[in-house]
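Trainee: Predicted model and sequence below, questions to follow.
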Amino acid sequence: MAYNFDELIERRNTRSYKWDQVKTLFGDEDILPLWVADMDFYSPPAVRKVIQERAEIGIFGYSFRTPSYLESITNWFKRRHQWTIKSDWIVDVPSVVTTLSLSIDLFTEKGDSVVIQSPVYYPFYDVIKGNGRKIERNPLQMINGRYEMDFAHLETLFAAGAKMMLLCNPHNPGGRVWERETLERLAQLALQYNVIIVSDEIHCDLTFPEHPYTPFASLSEEVANITVTALAATKTFNLPGLHTSFAVISNPSMRAIFDQRVKVLSIHMASHFAQDAVQAAYNESEQWLEDMLVYVKGNMDYAVAYLAEHAPAIKPLLSEGTYLLWLDCRAISEEPAVLKELMHKKAKVAFNEGSMFGVEGAGWLRVNMACPRSILEQALKQFADAIKG
Ligand SMILES: Cc1ncc(COP(=O)(O)O)c(C=O)c1O
């Protein structure tokens, strides 16, 4: 492997949300943090190099978006995911959650119902509630150890007048990479009931062999026409602090509305660093991604084997994608407070407590596997020892 993902990089005192907030959030600065979804790995060398070069310019003035930036995106999705995106479908926004929130604001009315499939990434709740819309939950069903969509219930929500659905593809938490057939069934219902799909595909590059990602909007032109896809290079290449993402909207009237609001809010200007970083990521860092995925899969396998031996009451859900492992801890407790006490006070680790993803997540914990193996080993040992204790 050309990259050393075992390297321990000191992130404390770097204003890292993950590392430097543990005392504030979890009560003890010695807690090992494996929670918020960024990686404890250096970003790819090509990305670091262009950022250093941009920093050397020393004048951080306004910059603009170039055709080469757009090409790096369209080429990436064509090459890696066989999805043809036209450059003019791409609207830059600071973050994926911005796209979710703006889409709700622009394409639904106050009081409208927006569907989510819980348990799900917690800002999905915030953007619906914060925009004055109604959350309609279509809880995922656990079938043979995998999450599946409940199409019968979904249809009742669509038939009752839901205007939009926030899809998480691949799904966080649970690491479910939705198959083409599942997405086709969803698309059929959305078309039948005129429901707009806002598809958060930020984890799209983080899938394991045998679980290919299908872009929802790639299913057909008709499906693309009712879809806003929220994408970014930030999760894939560990750049979330650069705050850069893009929406892909092929429907011209929806795109015009979205684009106009982005300009009115004045959040359209390219950041000094972001464009070069995204280009270096998509054009020059594919091997880094391949190696990182192998390393993270190794971490996943290690964790599953370790827990089976040392904490057999904990049942991990096998991740098909994302670098997040979703642990069923219900045999220990379904009480969020009990699991928090176990993590923070006894084990001195911080995983994400599951009820933050919705009531269905109570009794579950989400562990971030994008860290050097030695950190994972230490965290799992502390966790298993605390359970035994
Ligand atoms: C599903 C999902 N969407 C969005 C985000 C955050 O994206 P951004 O920081 O671009 O808003 C995350 C981060 O973990 C995520 O898991």
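Mentor: On my side now, so go ahead.

Trainee: Could you pull out the strands in the stretch 1-150 of the chain for me?
Mentor: All strands of the stretch 1-150 of the chain, identified by DSSP state E, counting those that start in this stretch, fall at 32-33, 90-93, 113-116, 134-137, 141-143, 146-148.

Trainee: which helices and strands sit right next to the fourth one?
Mentor: With contacts defined as 3 or more CB pairs under 8 Å, 6 or more residues apart in numbering; DSSP states H and E, the secondary structure elements packing on strand 134-137 are strand 113-116, helix 123-130. Quick note: C-beta positions are derived from backbone N, CA and C, even for glycine.

Trainee: Need the residues that contact it.
Mentor: 111-118, 125, 128-129, 157, 162, 358 (CB atoms under 8 Å, 6 or more residues apart in numbering).

Trainee: same check, this time on the shortest one
Mentor: If you take CB under 8 Å, 6+ apart as the criterion, strand 32-33 is touched by 18-19, 22, 348-350, 375, 378-379, 382.

Trainee: Quick check: of those, which has the highest neighbour count?
Mentor: residue 350 (27 neighbours; other CB atoms under 10 Å).

Trainee: Hmm, it is touching residue 27, no?
Mentor: No - between residue 350 and residue 27 there is no contact under CB atoms under 8 Å: 9.8 Å.

Trainee: what residues are shared contacts of those two?
Mentor: With CB under 8 Å, 6+ apart, residue 350 and residue 27 have common neighbours residue 344.

Trainee: ok so, going back, just so I know, which of the strands of the stretch 1-150 of the chain lies nearest residue 320?
Mentor: Nearest of the strands of the stretch 1-150 of the chain to residue 320, taken as CB to CB: strand 146-148 at 8.2 Å.

Trainee: what's the spacing between the closest one and its chain's center?
Mentor: 17 Å (CA atoms, centre = their mean, to the nearest Å).

Trainee: End to end on stretch 26-44, go ahead and measure it.
Mentor: 31 Å (CA to CA, to the nearest Å).

Trainee: Ok, stretch 28-36 next?
Mentor: Span of stretch 28-36 from end to end, CA to CA: 17 Å.

Trainee: ok, and does it reach over to the ligand?
Mentor: No - judged by CB under 6 Å from any ligand atom, stretch 28-36 makes no contact with the ligand; its nearest approach is 7.2 Å.

Trainee: what comes up buried for that stretch?
Mentor: By neighbour count on 16 or more other CB atoms under 10 Å, the buried set for stretch 28-36 is 31-35.

Trainee: next one: stretch 140-148
Mentor: 140, 147.

Trainee: Quick one: residues in contact with that stretch.
Mentor: Counting by CB under 8 Å, 6+ apart, 117-119, 149-150, 171, 174, 176, 182, 317-318, 360 sit against stretch 140-148.

Trainee: Turn the buried ones among these into a named PyMOL selection, would you?
Mentor: Buried residues within these, by 16+ other CB under 10 Å, are selected in PyMOL with:
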select buried, resi 117+118+119+149+150+171+174+176+182+317+360
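
Trainee: Let me have the contacts of strand 134-137 in a markdown table, extended by distance to residue 207 and pLDDT.
Mentor: Shown next, in a markdown table, are these (distance: CB to CB, whole Å; pLDDT from 0 to 100):
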| residue | distance to residue 207 | pLDDT |
| --- | --- | --- |
| 111 | 37 | 96 |
| 112 | 32 | 98 |
| 113 | 30 | 98 |
| 114 | 26 | 98 |
| 115 | 24 | 99 |
| 116 | 21 | 98 |
| 117 | 18 | 98 |
| 118 | 22 | 98 |
| 125 | 25 | 98 |
| 128 | 27 | 98 |
| 129 | 30 | 98 |
| 157 | 28 | 98 |
| 162 | 28 | 98 |
| 358 | 23 | 98 |
